[in-house]
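J.: pasting the sequence and the predicted model now:
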Amino acid sequence: MTKRLNIALLPGDGIGPEVMAVAEHALTLLIDRFQLPLTYTSFPWPSHAWHQQHGHMMPEDGVKQLRSFDAIILGALGDPGPLDAPDRFVLPDSISLSPLLALRKQLDLWACERPARWQPGAPQYLSDPRANDVDMLVIRENSEGEYSNQGGRLRAGTPHEVATQVEVFTASATERLIRHAFERARQRAKQRPIPRHFKDEKSAQVCLITKRNAQPFWGDLYTETFLRLAREYPDVDTHHELVDAACMKFVQCPWRFDVVVASNLHGDILTDLAAVLCGGPGLAPSANLNPEDGSIPALFEPVHGSAPDIAGKNLADPRATLLSLAMTLEWLAHHHPALGNAAQHLHDTVNVDLAKEGDTSPQHRQEKGTLETGQRLYALLAQ
């Protein structure tokens, strides 16, 4: 008998509830069309509204509650907006974003995967036609590094204040992350209908990102681990970039990258840049995973934040959330083939909609509001 799966939906703040409403409706259509062995539960936390009522972003046992689900989808956390509401209840980022860090760390979701692939019809900010071939996967360390939350403030609020922010890197976390990057590079090479070619005609590549010239301790740990593991993957091309040079080359020649592996902070920054190369954060999904333990619920979310400047204005693009939903279904597909079929259908539907958006002829112009985009996609999903 097929196991019945349950997904937790966390709309969150700002545009989160708007884009999650579209994803929820799409999910119900997919459940019905593909007879998915799937249910979902929506939670009012974590959110500013929950904090305003209860004094914290989510219940004390919030992570424990979510651990019982098979996957989690988050809309957004941060300033709830809109910015023209001066009396809105706003919390410091250290509070409003803390549930996301808690979920990543307490569930040990140590790999954050953020694909960046340009699709026809998406905005194109680079004039070089080779930018149409951008297809990279940035794998970001998700459990330690610069976001370890170690440090403090001494003599706070005085002219002699000292603030420390300590980065923590371990050999075990470094090795599992880099090994995962090599494995994903191999998987991607096998899945491509048209092979890519890197140095020495290798069909896969991993690029390591550090700042080892200025941060040598963890930079050398990453580099030495990378070089050691690379010997186990002779079929995978390798190279290294300093993070500032990587930012430059993401703009100059992003089509040269395949799998990129980076620390928590560097991966965070680079994936925002990669998202813009592929049309913007409104089209960028992500997954927070524990590739070694399938019993832990993975967390999926759009790359964008709560976007308080457009919250409540029907302007947010819901397709990053829909693509995150597609990644969720794909992650769960080993439970039942219908989940994989639904994931592919949702991917294809978003791509079809994007292609139509790229056609600017009067008869094919599309409304770009959140609700309007949702209505178009619902109709396409039903076809």
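T.: Yep, it's here. Numbers count the residues shown, from 1 in each chain.
J.: render the CA-only coordinates of stretch 74-92 in PDB, please.
T.: Only the C-alpha atoms of stretch 74-92 are listed here, as PDB (Å, rounded to 0.1, in the frame of the first residue of the first chain):
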ATOM      1  CA  LEU A  74       8.000  28.200   3.000                       C
ATOM      2  CA  GLY A  75       6.600  31.300   1.400                       C
ATOM      3  CA  ALA A  76       8.900  34.000   2.900                       C
ATOM      4  CA  LEU A  77      10.000  35.500   6.200                       C
ATOM      5  CA  GLY A  78      10.900  39.100   7.000                       C
ATOM      6  CA  ASP A  79       9.300  42.500   7.100                       C
ATOM      7  CA  PRO A  80       5.600  41.900   6.600                       C
ATOM      8  CA  GLY A  81       5.100  45.200   4.600                       C
ATOM      9  CA  PRO A  82       3.700  47.000   2.900                       C
ATOM     10  CA  LEU A  83       6.300  49.800   3.400                       C
ATOM     11  CA  ASP A  84       3.600  52.500   3.200                       C
ATOM     12  CA  ALA A  85       2.000  51.200   6.400                       C
ATOM     13  CA  PRO A  86       4.300  52.900   9.000                       C
ATOM     14  CA  ASP A  87       2.400  51.400  11.900                       C
ATOM     15  CA  ARG A  88       2.900  47.800  10.800                       C
ATOM     16  CA  PHE A  89       4.400  45.400  13.300                       C
ATOM     17  CA  VAL A  90       8.100  44.900  12.300                       C
ATOM     18  CA  LEU A  91      10.700  42.800  14.100                       C
ATOM     19  CA  PRO A  92      14.500  42.800  13.700                       C
END
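J.: please point out which parts of it sit buried.
T.: Using 16 or more other CB atoms under 10 Å as the test for burial, stretch 74-92 gives 74-82, 90-91. Every C-beta, even on glycine, is put in place using the N, C-alpha and C of the backbone.
J.: so which of the residues you listed is the closest to residue 26?
T.: For these, the closest approach to residue 26 (CB to CB) belongs to residue 75, at 13.5 Å.
J.: quick check: closest non-adjacent residue to that closest one.
T.: Nearest non-adjacent residue to residue 75, counting by CB to CB, 6 or more residues apart in numbering: residue 16, 2.7 Å away.
J.: now do the contacts for that neighbour.
T.: 10, 47, 74-77, 306 (CB atoms under 8 Å, 6 or more residues apart in numbering).
J.: so which of those residues belong to strands?
T.: 10, 74-76 (DSSP state E).
J.: just the helices in the stretch 101-250 of the chain please.
T.: If you assign secondary structure with DSSP state H, counting those that start in this stretch, the helices in the stretch 101-250 of the chain sit at 171-191, 216-230, 243-252.
J.: list of residues touching the shortest one?
T.: With CB under 8 Å, 6+ apart as the test, helix 243-252 has contacts from 126, 207, 209-211, 241, 256-257, 260, 262, 266, 269-270, 273-274, 277.
J.: return the member of the buried residues of stretch 74-92 nearest to residue 296.
T.: Closest to residue 296, out of all of the buried residues of stretch 74-92 and judged by CB to CB, is residue 74, at 15.5 Å.
J.: give me the nearest residue to that closest one, chain neighbours excluded.
T.: residue 301 (4.2 Å).
J.: may I have the phi/psi pair for that neighbour?
T.: phi -160, psi 150 (degrees, to the nearest 10).
J.: next: the one 3 residues further on.
T.: For residue 304, the backbone dihedrals are phi -70, psi 160 (criterion: degrees, to the nearest 10).
J.: and residue 231, by the same measure?
T.: Per degrees, to the nearest 10, the backbone of residue 231 is at phi -70, psi -20.
J.: and it, how many neighbours?
T.: 7 (other CB atoms under 10 Å).
J.: try residue 95
T.: Residue 95: 14 neighbours (other CB under 10 Å).
J.: surely it touches residue 55?
T.: No: Residue 95 lies out of contact with residue 55 (CB atoms under 8 Å); the separation is 10.6 Å.
J.: just the buried residues of the contacts of helix 243-252.
T.: Buried among the contacts of helix 243-252 (16+ other CB under 10 Å): 126, 207, 209-211, 241, 256-257, 260, 262, 266, 270, 274, 277.
J.: looking at the residues you listed, which is nearest residue 112?
T.: residue 262 (9.7 Å).
J.: how about that closest one: what's its closest non-neighbour residue?
T.: Residue 262's closest residue in space is residue 209 (CB to CB, 6+ apart), at 3.9 Å.
J.: hmm, back to that, among the buried ones among the contacts of helix 243-252, which are in strands?
T.: Short answer: the buried ones among the contacts of helix 243-252 in strands (DSSP E) are 207, 209-210, 241, 260, 262.
J.: most widely separated two among those residues?
T.: 210 and 260, at 11.6 Å, using CB to CB across those.
J.: tell me the pLDDT at the closest residue to residue 78 other than its chain neighbours?
T.: Distances taken as CB to CB, 6+ apart place residue 306 nearest to residue 78, at 3.6 Å, with adjacent residues excluded. On pLDDT, residue 306 comes in at 97.
J.: how deep is residue 306 tucked in, by neighbour count?
T.: For residue 306, using other CB under 10 Å, the count is 25.
J.: distance of it relative to residue 380?
T.: Distance of residue 306 to residue 380, computed by CB to CB, to the nearest Å: 27 Å.
J.: do residue 219 as well
T.: Residue 219 is 46 Å from residue 380, by CB to CB.
J.: give me the more crowded residue out of the two.
T.: residue 219 (21 against 16).
J.: next up, the contacts around the more buried one.
T.: If you count contacts by CB under 8 Å, 6+ apart, residue 219 has them with 210-213.
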